[in-house]
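S.K.: Sequence plus predicted model, see below.
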Amino acid sequence: DQQVKQNSPSLSVQEGRISILNCDYTNSMFDYFLWYKKYPAEGPTFLISISSIKDKNEDGRFTVFLNKSAKHLSLHIVPSQPGDSAVYFCAASGSGGTSYGKLTFGQGTILTVHP
Amino acid sequence: DAGITQSPRHKVTETGTPVTLRCHQTENHRYMYWYRQDPGHGLRLIHYSYGVKDTDKGEVSDGYSVSRSKTEDFLLTLESATSSQTSVYFCAISIQGKETQYFGPGTRLLVL
């Protein structure tokens, strides 16, 4: 059972426009969410995160929105740049002392930004 | 840079042989993780460690074992490799068991 889902395997966007990547989750115990970016032949790199007590978090061109009632989060990249082309993973974590920071990942979305 | 290295970076092996992958960190972080990445599945947790000699199973632990005899090293062993274990393996650390994890460069394993 996939608890974190990214239903769009790929997304193609023109340089300068907005990229919107989506993620849905089913486990109501998740209370911390992260986005990672991954280039080929490299490990994932942390991009941005959000706690369930917030509904929005911004860091430069990247904004993450959380809709707890819909169990949905999205990552907005504005403006998109060719260097943003990568695989994007969303991940979720539950709270509690025994979670040990374990993450559950979505399947990933391949973002291609065309010049 | 979380100071994480993985070795080997690439390995080809035959079905039935044991394989050990190494993750090494230089920052003395307590929490370490092993994931595998496969198309259509994202990253899935194999095993994790919350201290020296303290390890536990993740989502896809069957066929894998781990050991952590030193803070800086976390070893993943495939007791008898199978073709279904062909994958890219990533090691990660977290600081104080917080949710943000930092990943190593990965090991690409091919089991023939």
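M.R.: That came through, no problem.

S.K.: quick one: terminal-to-terminal distance for stretch B:4-22?
M.R.: Stretch B:4-22 has an end-to-end distance of 10 Å (Cα to Cα, to the nearest Å).

S.K.: State the mean pLDDT of that stretch.
M.R.: Averaging pLDDT along stretch B:4-22 yields 97.

S.K.: excluding its backbone neighbours, what's nearest A:Ile18?
M.R.: Residue nearest to A:Ile18 in three dimensions, not counting chain neighbours: A:Val78, with 4.7 Å by Cβ to Cβ, 6 or more residues apart in numbering or on different chains. For the C-beta atoms, the positions are set from N, CA and C on the backbone; glycine is no exception.

S.K.: all strands for the chain, in order.
M.R.: You didn't say which chain, so I picked chain A. Using DSSP state E, the strands of chain A run over A:4-5, A:10-14, A:19-25, A:30-38, A:45-51, A:56-59, A:62-67, A:72-77, A:86-94, A:104-105, A:109-114.

S.K.: try again with chain B
M.R.: Ranges of strands in chain B, per DSSP E, are B:4-7, B:10-13, B:19-25, B:31-38, B:42-51, B:54-57, B:64-70, B:73-78, B:87-94, B:101-103, B:107-111.

S.K.: Out of those, which gets nearest to A:Leu11?
M.R.: Closest approach to A:Leu11 among the strands of chain B (Cβ to Cβ): strand B:42-51, 15.9 Å.

S.K.: Can you list the strands that the closest one pairs with?
M.R.: strand B:31-38 (antiparallel), strand B:54-57 (antiparallel) (DSSP bridges).

S.K.: which of these sits most buried?
M.R.: Highest mean neighbour count of the strands paired with strand B:42-51: strand B:31-38, a mean of 24 (counted as mean count of other Cβ atoms under 10 Å in any protein chain shown).

S.K.: now what about that one, what contacts it?
M.R.: Outside strand B:31-38, the residues that touch it by Cβ atoms under 8 Å, 6 or more residues apart in numbering or on different chains are A:100-102, A:105, B:21, B:23, B:25, B:43-50, B:58, B:60, B:64, B:66, B:68, B:74, B:76, B:85, B:87-97, B:101, B:106.

S.K.: quick revisit: save the strands of chain A as JSON lines, and put in mean pLDDT too.
M.R.: JSON lines is the format used below for the strands of chain A (pLDDT from 0 to 100):
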{"stretch": "strand A:4-5", "mean pLDDT": "96"}
{"stretch": "strand A:10-14", "mean pLDDT": "98"}
{"stretch": "strand A:19-25", "mean pLDDT": "98"}
{"stretch": "strand A:30-38", "mean pLDDT": "95"}
{"stretch": "strand A:45-51", "mean pLDDT": "95"}
{"stretch": "strand A:56-59", "mean pLDDT": "97"}
{"stretch": "strand A:62-67", "mean pLDDT": "98"}
{"stretch": "strand A:72-77", "mean pLDDT": "98"}
{"stretch": "strand A:86-94", "mean pLDDT": "95"}
{"stretch": "strand A:104-105", "mean pLDDT": "94"}
{"stretch": "strand A:109-114", "mean pLDDT": "98"}
